[in-house]
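Asks: Can you look at this prediction? I've put the sequence above it.
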Amino acid sequence: MNLTTQWLGLTLNNPFVPSASPLSRSLDAAKQLEDAGAGAIVMYSLFEEAVAAEEEGMTRFLHHQETGHAEADGFLPAQPDFPGELDRYLEQVAALKASLDIPVVASLNGVTASGWMTHAQEIADAGADALELNAYYVAGDIWEEGHYVEQRYLTLLKELREKVSLPINMKLSPFFSSVGNMVKKLEACGVSGVTLFNRFYQPDIDIDGMRLKHALTPTVSTDALIAMRWAAMLHGRVDCSLSATGGIHTGEDAVKLLLAGSDVVHLCHALLQHGPYHLRKVIADVTAWMEQQGFEDVADFRGRMSQVSVLDPSQYERLNYIRVLDSYSGRDSVWR
Amino acid sequence: MSAKQVTLDGNEAAARIAHLCNEVIAIYPITPASPMGEWADDWSSVGIKNLWDTVPQVIEMQSEAGAAGAIHGALQAGALATSFTASQGLLLMIPNMYKIAGELTPTVLHVAARSLAAQALSIFGDHSDVMACRATGYAMLCSASVQEVQDFALIAQAATLAGRIPFLHFFDGFRTSHEVDKISELSRDTVRAMIDEDLVIAHRKRAMSPDRPVLRGTSQNPDVYFQGRESVNTYYDELPSILEGVMTEFGDLTGRRYGLFEYVGAADAERVLVLMGSGIGAAEEAVETLVARGDKVGLIKVRLFRPFSTAHLLAALPASARQVAVLDRSKEPGADGEPLYKDVLTALSQAYAKGERSLMPKVTGGRFGLSSKEFTPAMVAGVFAELGATQPRNPFTVGIRDDVTHLSLDWDATFRPAAAEGVTRCVFYGLGSDGTVSANKNSIKIIGESTDQHVQGYFQYDSKKAGAVTVSHLRYGDRPIRSTYLIGDDEAQFVACHQPNFLVRYDMLAKAAPGGTFLVNSPVTPDALWDSLPRKVQQQILDKQLKVFAIDAYGIAQDTGMGRRINTIMQVCFFAITQVIDITDALAKIKEMVAKTYGRKGRRLLERNYAAIDAALSGLHEITVPAALTSSVEMPPVVAANAPEFVQQVTATLIAGNGDSLPVSAISADGTWPLGTAAYEKRQLALEIPQWEMDLCTHCGKCPLVCPHAAIRSKVFDEALTSNAPEGFLHNAVKGGKDFPPGTHITYQVAPDDCTGCGLCVEICPIRDKKDPQRKALNMVAIDERRAIEQANWDFFLGLPEFDRTRLKETTLKGAMIMQPLFEFSGACVGCGETPYIKLATQLFGDRMLIANATGCSSIYGGNLPTTPYTTNPDGRGPTWNNSLFEDNAEFGLGMRVAIDKQAEHARELLQALANDIGETLVDAILATPQLSEAEIFEQRVRVEELKAKLTNIDKLAARTLEGIVDYLVKKSVWLIGGDGWAYDIGYGGVDHVMASGRNVNILVLDTEVYSNTGGQTSKATPLGAVAKFSAGGKPVIKKDLAMMAMAYGNVYVAQVAYGAKDVQVLRAFLEAESYDGPSVIIAYSPCIAHGIDLANNLRQQDLAVNAGHWGLFRYDPRKAAAGENPLHLDSKEPSIPYRDFAMSETRFAVLERTHPEAAHRFMETAQHQSKAKFHLYEQLAKLAVGEPGQE
């Protein structure tokens, strides 16, 4: 059975790629992912804000502690020099590269082109096979027009493209007016692949304290449907690699995304929840399905359910919406 | 090869030798010795090895008594062991010191000698503590300088091994422990050469071991105990010569020769001074100068005080001596002389009596330098002058003006020692938070390590934590600097003012030497600078012909992304002006220091610092000084003109920094000070203050609750009273008006000169303008535009009457917050997490409150002079406050309770005995009232006033007795306040006993989870995985559950609270605790600067702590159990966020992830598990059915 996959110009053993998560902080966990069959690994993100906040915070609280009171010229013990967020990231890239055979994709998360991006070349030098750029940007300014938001992504990408020659994968928001057009523009700026989609963590409201609270809710399989639709709609229409993320927990989920046209599928919460070796089960389930369906090669069915391939393409567009609403009768809501 | 020169302070010098020469180090924080323990802990935590190539084990104990016990045990088990301490800590070690010495055990205890708490606590230096140890059997060796601290630490270690007598090695707290000097470092080889391995092995062989068992610590009877005591005499007899031998060996190795007593001065001196400690530096400078003038004077430097070697003293003292003055840096009230004086006197009289000396000099004894009181060459010259009198005063004091017993000597303040020549003296005024001190420490290192110059740095700190002012004293010159005193008036060639607003607050140029330089940080442009200076400053500049330089350091800091960090900018200016080293080299060195500081963890900050350093030079301007005064800016008065007489005469003098000038008669003899003086110290720290938007405000009362400094208040009043209010005074009809008479208005008013600008009131404000969410009911605004308006408003506010407490609903936040806080404007940190709890207690119970306060932050902001934040209500009632010790606070408070109960009981007895004279109705009414509410307490006060009036007409002794205790018939509220260091560690035994007593006391534990006041050392309240001093690798065990331990008694009211998470629960807990007629414990989460957080986020951090399960909220009320209900009520929910989310928002946890990632990961996993497990345990307890055994 051949699962070999091309993604971002890299050849992967299979299309199962753990996405940015804390698992890549641990060499052991990363090694387990590789053992479990991961085709590549996307590292945890290096956050623009984290680099800045760590420098400022650590410096302030470790070095500017004095208050002028006679009994204490500081409140935390003197610390030996330690690598900052960026240096630790670089060390981890190098360490992962040294201990894994699969490609390692570094992940940058930020919204401005300043400062932190100047270190992209250092990440390349540390051995990363590709870079994922995650512009986690919530367009909160109502005076900012949509095309400026798009421009922000494009500017970031261009800046990064100039800095490094590595393949760049861009993690996208699902909230572009025209996702497909946006991907085309990114392609024009040199993107090697796009990931569908970024999941925006939504704040909640604490009604006792009348304050915002922040909590992370795990994904569920249905969360992947939006990526599935867009993978299906973009497959065969764009040149760059497509990957899907958010809600892929099982072999069945993965098969759906591959059928829709995703080149690779990313797993995160399922691995955090069940451990790295859950990936082995996902792969086994996919290969079992392939066997059952008589597929020898993943290429045989990738995109088979994409919009360009299905008999009734309108199902991915408005018609589907109408049918779903229509089918919601309070009894068994079924796909027709 | 010449020895390596290093620049360090006394504590580091002692700690280095101690760490090299020991295997077990037991520590406990106490100022000014804490840094020694911190150094030792830091070094061991990074694997620095001792002489035997093994890393010493450092263990923090629960008290100094614990540390001494641990050392005793370690020594008995054969280890080389040491500790560090001072003051009260040393007192706690005394019992073990007798044991250690009694068993002839070699060890060295390093002491940064400090005053003892008597009429007041003082953290500063004198010999009161070590003098209390002179009977323990320890040898006592005194260092007088940083160089000697290092050298004597080693000499003591070598001598103790040889002589088997333990050593107390001491040096003056702050003056030596914190003075930074350039010294010759002892190489590891030299240290190794001084420690005789055979003696170490011999020590080990004497140790307890089951392989060669012995028995020590027997209980002896009259038959042999006495002989046993005498059996050690030979060891003490031999020790002086052993020490002398060690000093000789040390001299051979290093070239630095010391003696037990050293003499300097004229060979034929007639007047001789004897003293020990850092005062020797000043004395030696004076003696040199006087001898050069032809005076026959000399100085005996005492090194070994115990065993006191008469022979060595007599050998050192010139035969020509006719008058000898012995100075003691301690006081023994009631004695006919202090210890050193009496020893010297005895030695001389015995020698004279035995005929060993032909002359018996006149010997006088004097006290000097208590609590780091200045001791200058001028004072020494004054002592010599007195010795020249026919009948020199005896006893005498020097350094103060004693207008009561007239013991003090006068001195000529213009006396200057010759040693002052060739030394450059620089004084820097900065804020504690602006980095001036650390920059100056760096400058000293740069000068010390890149030139042949000798350097000295000494730093004066503030008693306040918010807006603390520091004064740095730097000297450098070609010769070793022995000037162990501050740079005085007219002495500084360089004076720097790092804060523009200091110009009108401090008389900085009094210190400027004629022809010197004045550097000022000011936002004013160079051409306008002269005119901006106060008139007095202009006058001083002209009179002293000073050069003036200016820089807009804040402007440069802002432009280069440095925020308000100006230290390196000002440092560049110092080097550029003084030219002590080539400016290019200086810039490179400063950058090198910055790089060393930030290392890899702050790459971009490094770049910003470099930019600021480079910009500083071009921003520095010399100001052309015109020939005439142009300014009309006057220095404002220190306190307002309407301040009480005491404040005008005493407090204002202290605030102005002139407390040294106050005579003995100005200071109370028994340590009693008036309340309410903080209100007169207008410190004007805030750059922004809150502005009230009354159209939005719902009068919820949250803002006064969270204000750490009681600088925002609410008051309700009759609208009619506002007819003459200032124009800007805001007030509107109180919401929920049915609780108040018609026409009642409310205001929320800020005290603009007392606010520190922390912004917590705005942070907590829950009300936003629906149309403009940026606008809250409180918003921070720049103070410049509001100061004058709010000053007028505040004055008017103070004049409004307090609302009748009996009509306020204290169970609501709004009602409670209308009550007057009787704790205001303390010196606590900006955004302090502790003070709101104390303030709340004073609002609710302040008029009947007695406070026993454990030593720590709360005793410092609560009772450190110059001013006191506890205050009184319009009736003159308020909290009465005292700080006994750190370790005994629970017992201290319990004593108050017992005293109140006893006197109240006796008052009731007398009341009944006098019932016929007083009238049964009144007596019955007084005896019957339960005093459960404000109204009942008020009515009882009225009855007691009536009773007092009646008593005056009853001519019986019982009536007189009752008059003395009659006020105890009104309910009193006893509060035992302290931090976690007290309640979890050093005072836990007492807290436990008080809880077990069943007595009606309220224990308020301000839990910052570290020893905050001494700089953030680990306590048993420190959480798992938190980095704190003494836990550089993260605290490896979980926080002690004090609440659970308290609940185990069953009859203790226990609450765990956090006002930033659930304010109403805090209010309920305080009311319930106080109303419970038994012991109550409130454990109050108190975010602290030591957590490595911005205290502007204080409230958020409390919320995170609660939501992560780090800090559960609950109340355990034994009254409920008595009523058949479950006494435990949980006030917080199951942890709703990962523990990590809370922990990583605080540097104390987050830094471990950088330095020890694996440990941090492990700790976080355990903490996550623990927080859930703990919640479930409490949840199950709260759900338990309560009833008789066997019942469901």
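Replies: The structure has been received and is ready for your questions.

Asks: Next, the buried residues of the helix or strand that contains residue B:989.
Replies: Element membership for residue B:989, per DSSP states H and E: helix B:988-997. Applying a neighbour-count criterion of 16 or more other C-beta atoms under 10 Å in any protein chain shown, one finds B:988, B:990-992, B:994-995, B:997 buried in helix B:988-997. To be clear about C-beta, it is placed using only N, CA and C from the backbone, and glycine gets the same treatment.

Asks: Closest to residue B:946 out of these?
Replies: Nearest to residue B:946 among the buried residues of helix B:988-997: residue B:997, at 34.0 Å, using C-beta to C-beta.

Asks: measure residue B:878 to chain A for me?
Replies: Remark: distance between residue B:878 and chain A (C-beta to the nearest C-beta, to the nearest Å) = 26 Å.

Asks: three-state assignment of that residue?
Replies: With DSSP: H, G, I helix; E, B strand; the rest coil as the basis, residue B:878 sits in coil.

Asks: Can you pull the domain assignment for chain A?
Replies: A:5-305, A:307-336 (automatic domain parsing).

Asks: how about a markdown table for the buried residues of helix B:988-997, with distance to chain A and pLDDT added?
Replies: Converted to a markdown table, the buried residues of helix B:988-997 look like this (distance: C-beta to the nearest C-beta, whole Å; pLDDT from 0 to 100):
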| residue | distance to chain A | pLDDT |
| --- | --- | --- |
| B:988 | 22 | 98 |
| B:990 | 23 | 98 |
| B:991 | 23 | 98 |
| B:992 | 27 | 98 |
| B:994 | 27 | 98 |
| B:995 | 29 | 98 |
| B:997 | 32 | 97 |
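
Asks: would JSON lines of those with distance to residue B:715 be doable?
Replies: Output for the buried residues of helix B:988-997, formatted as JSON lines (distance: C-beta to C-beta, whole Å):
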{"residue": "B:988", "distance to residue B:715": "41"}
{"residue": "B:990", "distance to residue B:715": "39"}
{"residue": "B:991", "distance to residue B:715": "37"}
{"residue": "B:992", "distance to residue B:715": "42"}
{"residue": "B:994", "distance to residue B:715": "36"}
{"residue": "B:995", "distance to residue B:715": "38"}
{"residue": "B:997", "distance to residue B:715": "39"}
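
Asks: and of the domains of chain A, who's closest to chain B?
Replies: domain A:5-305 (1.5 Å; C-beta to the nearest C-beta).

Asks: what is the mean pLDDT for that closest one?
Replies: Taken as a whole, domain A:5-305 carries a mean pLDDT of 89.

Asks: repeat for stretch B:739-755
Replies: For stretch B:739-755, mean pLDDT rounds to 95.

Asks: same question, stretch B:537-553
Replies: Rounded mean pLDDT across stretch B:537-553 is 98.

Asks: Tell me the gap between the helix holding residue B:989 and the middle of its chain.
Replies: Taking C-alpha atoms, centre = their mean, to the nearest Å, one finds the center of helix B:988-997 at 26 Å from the center of the full chain.

Asks: Check stretch B:504-523 too.
Replies: A distance of 29 Å separates the centroid of the chain from that of stretch B:504-523, by C-alpha atoms, centre = their mean.

Asks: same deal with stretch B:558-577?
Replies: 29 Å.

Asks: just the strands in the stretch 151-300 of chain A please.
Replies: A:168-172, A:193-196, A:204-206, A:211-213, A:241-244, A:264-267 (DSSP state E, counting those that start in this stretch).

Asks: Residues contacting the fourth one, please?
Replies: Right, strand A:211-213. Counting by C-beta atoms under 8 Å, 6 or more residues apart in numbering or on different chains, strand A:211-213 makes contact with A:203-206, B:1103, B:1107, B:1136-1137, all of which sit outside it.

Asks: I appreciate the help and will end here.
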